[in-house]
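Undergrad: what follows is a predicted structure for the sequence shown.
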Amino acid sequence: MEANRNGKCSCGLHTSKAAHDTAVEAHLTATLETAIVRAVLPDAASRRAFLAAVGMGTTLAAISEIFSIAKAAELALSAPGAIEKKQLKIGFIPITCATPIIMAEPLGFYRKHGLEAEVIKTAGWAVIRDKALNKEYDAAHMLSPMPLAITLGAGAAPQPWTMPAIENINGQAITLSLKHKDKRDPTQWKGLKFAVPFDYSMHNYLLRYYVAEAGLDPDTDIQIRSVPPPEMVANLRADNIDGFLGPDPFNQRAVFDGVGFIHILSKEIWDGHPCCAFAASRAFATDLPNTFHALLKAIVDATAYASKPENRKTIAEAIAPANYLNQPVTVVEQVLTGTYADGLGNIQKVPDRIDFAPYPWQSMAVWILTQMKRWGQVNGDIDYRTVAEQVFLATDAAKIMREMGLAVPETSYRTVQVMGKAFDPAQPQAYLDSFAIKRS
């Protein structure tokens, strides 16, 4: 419930949303206390006589000796109610990063949590964004930087957006045309043309980071263009691009089709980096809280299932068909299992080539914001921590994970290494200032 224009809550009885929530909690607690007393003293006449003799406070204190009223109230307040909207439309791009969102339909995770969700294959990230903004989709598979960009108004009018779960970590690669087998050193890439799936993507930021560390300016020494992932292999084959930093299965499909080789996995740039995410508008989360809770629980449940290596072949068979990834099962299996041909005559075994971990580290959001600022996508001062915590809903994810018995980090911020350089989320401006090649 949001505050109205006069500063009051929507019901008009309280001066703020916080006051409204406090009143609701007090009312629920009082109702619960009355119900417990009636259950312990079911006879109305005896109950009235007892309360008249000792008082409500003493009665509740005595009951609390053997039954925690406070705990009961906490459970009642946190318990989800009826799902407001069961039939949902969720957009996705056909890439393995969307594995939990996609597989939750054929493997029954949405149904398990009381939802009738339809996952809808979508052509590209701009289309995903626009359909989500226009409320054609209830929720969507998005690149992890997209909810931050939408919230800040980068690339579109600003709207409050949320990202309560990461879909995958790692799971990308730099793939080069076979004609560039002799150009394994990025200092040799001056003048080459590369594709990334979207301007606001980890792919764009990681490619820029990688070439800048080699001394190349990504805006003047190479060309970077946005290409929808399903079109990347065709563009590589047609010689429209020299390579791409893209999502799977298209790195592996380039190898499968004999037009490219995997130069480097993205995990070699930043091991454990976020890639794609489950995202929804702030309005969806607040207006349909029980639906949001059920949907997030289904996504976290599916992500936990996908994180187990023994389930990867089953998942590959489920998501390979035409209505989902439209790829040979062999290609999807090689990505998900991490045993794959690299296009250079080798078989690689990298079990965590892609992994699935739902917790939305807010330090990840801060890193993304530094790169948006570095490359001139956002201007002016940024309150990094505030934006990170408004968009990356670590508290919501942690609550669901605890309900499911999953391990939850003690903090939502951590220091990481990107190409051997430490990133401290408490010092974002110092990190930004440390780069020799940047726009701002």
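TA: Here it is on my side, so go on. Fair warning: this is a prediction, and the values are worked out from it, not measured in the lab.
Undergrad: could you list the low-pLDDT ranges of the protein?
TA: Across the chain, the ranges flagged by pLDDT under 70 are 1-47, 49-51, 54, 56, 59-80.
Undergrad: show me how it divides into domains.
TA: 17-78, 87-170+274-433, 172-268 (automatic domain parsing).
Undergrad: next, count neighbours for Gln348.
TA: 14 (other Cβ atoms under 10 Å). Where you see a C-beta, it was placed from the backbone N, CA and C, and this is true even at glycine.
Undergrad: that one looks like it's in a strand, true?
TA: Yes: Gln348 sits within a strand when classified using DSSP: H, G, I helix; E, B strand; the rest coil.
Undergrad: next one: it from Pro186, what distance?
TA: Look at Gln348 and Pro186: by Cβ to Cβ, to the nearest Å, they are 20 Å apart.
Undergrad: got JSON lines for the domains of the chain, with distance to Arg439 too?
TA: Listed next are the domains of the chain as JSON lines, based on distance: least, Cβ to Cβ, whole Å:
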{"stretch": "domain 17-78", "distance to Arg439": "39"}
{"stretch": "domain 87-170+274-433", "distance to Arg439": "4"}
{"stretch": "domain 172-268", "distance to Arg439": "7"}
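Undergrad: for these, which one sits closest to Ser440?
TA: Ser440 lies closest to domain 87-170+274-433 among the domains of the chain, at 5.4 Å (Cβ to Cβ).
Undergrad: can you get me the start-to-end distance on that closest one?
TA: 47 Å (Cα to Cα, to the nearest Å).
Undergrad: name the helix or strand for the nearest residue to Ala407 once chain neighbours are set aside, please.
TA: Among residues not flanking Ala407 along the chain, Met401 sits closest, at 7.5 Å (Cβ to Cβ, 6 or more residues apart in numbering). Using DSSP states H and E, Met401 sits in helix 394-403.
Undergrad: so which bits of the helix or strand following that helix are buried?
TA: Per DSSP H and E, the first helix or strand lying C-terminal to helix 394-403 is strand 416-418. Neighbour-count burial for strand 416-418 flags 416, 418 (criterion: 16 or more other Cβ atoms under 10 Å).
Undergrad: ok, residues contacting strand 416-418?
TA: If you take Cβ atoms under 8 Å, 6 or more residues apart in numbering as the criterion, strand 416-418 is touched by 209, 269-273, 363, 367, 422-423.
Undergrad: and with 6 Å instead?
TA: Residues from elsewhere that reach strand 416-418 (Cβ atoms under 6 Å, 6 or more residues apart in numbering): 270, 423.
Undergrad: partners of that strand in the sheet?
TA: strand 421-423 (antiparallel) (DSSP bridges).
Undergrad: please compute how far the partner strand lies from its chain's middle.
TA: 22 Å (Cα atoms, centre = their mean, to the nearest Å).
Undergrad: please renumber so the chain begins at 20
TA: Right, with 20 as the first residue, what we last looked at is strand 440-442.
Undergrad: check which residues of it are buried.
TA: For strand 440-442, by 16+ other Cβ under 10 Å, it's Phe442.
Undergrad: immediately after it, which helix or strand?
TA: Next element after strand 440-442 (DSSP H and E): helix 447-452.
Undergrad: from the contact counts, what lies against that following helix?
TA: helix 381-393 (3 or more Cβ pairs under 6 Å, 6 or more residues apart in numbering; DSSP states H and E).
Undergrad: by contact count, what packs against the helix it packs on?
TA: Looks like helix 381-393 contacts helix 403-410, helix 447-452 (3+ Cβ pairs under 6 Å, 6+ apart).
Undergrad: what's the closest of those to Arg393?
TA: Here helix 447-452 is closest among those (Cβ to Cβ), at 5.9 Å.
Undergrad: what does the closest one contact?
TA: In contact with helix 447-452 (Cβ under 6 Å, 6+ apart) are residues 385, 389, 392-393, 403, 442.
Undergrad: now for Glu124: which residues touch it?
TA: Neighbours of Glu124 in contact, by Cβ under 6 Å, 6+ apart: Val138.
Undergrad: quick one, phi psi at it?
TA: phi -80, psi -60 (degrees, to the nearest 10).
Undergrad: measure it to Ala159 for me?
TA: For Glu124, the distance to Ala159 - Cβ to Cβ - is 14 Å.
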